[in-house]
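Chemist: no sequence on this one, just coordinates:
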């Protein structure tokens, strides 16, 4: 079972490809009206097999939304907002083929996960940035980690209230 390597493209720290996405992310972060935040409870772990099915559901629904929002052949920049890790490009239209539950969940040491960078914070922060939206998984050392979803198109494409995993998190006000 292999994941098509074209879905994830590793870049250098200073790759100019991500500069426009960083500008989009900064602009979205300044506009607070099109944002939903979730505080992840202390003790929650994306490695807990008890919530694996909920994590897979979240990943599939976000991937479906990204496929609707990103034109075929286009890609998302995936950046570490703290600049500890080099950025990636994610091509959401490249299918994850022949992927088992373990690969989708991605938290077994012997399995190469389908999602090379998680949608949930796991010790690192990552932002998936589109042309006018962002999915931010923020790992915060000084407080509870957060999920931040920005942009009206992404928010209207996802039915957040139906995602079982998000019901475990505290939705924060604007």
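Modeler: Received the coordinates, thanks. Keep in mind that this is a model prediction, so the values were computed, not measured.
Chemist: counting contacts, what elements does the lowest-mean-pLDDT helix or strand in the chain pack onto?
Modeler: Ranked by mean pLDDT, DSSP states H and E, the weakest helix or strand in the chain is helix 101-105, scoring a mean of 86. Helices and strands touching helix 101-105, by 3 or more C-beta pairs under 8 Å, 6 or more residues apart in numbering; DSSP states H and E, are helix 52-69. All C-beta spots, glycine's among them, are computed from the backbone N, C-alpha and C.
Chemist: what helices and strands are in contact with the helix it packs on?
Modeler: Looks like helix 52-69 contacts helix 101-105, helix 152-157 (3+ C-beta pairs under 8 Å, 6+ apart).
Chemist: still on that earlier bit, buried set for the least confident helix or strand of the chain?
Modeler: By neighbour count on 16 or more other C-beta atoms under 10 Å, the buried set for helix 101-105 is 102-105.
Chemist: strand partners (parallel or antiparallel) of whichever helix or strand comes after that helix?
Modeler: Using DSSP states H and E, the helix or strand that directly follows helix 101-105 along the chain is strand 126-129. With DSSP bridges as the test, strand 126-129 is paired with strand 76-79 (antiparallel), strand 134-138 (antiparallel).
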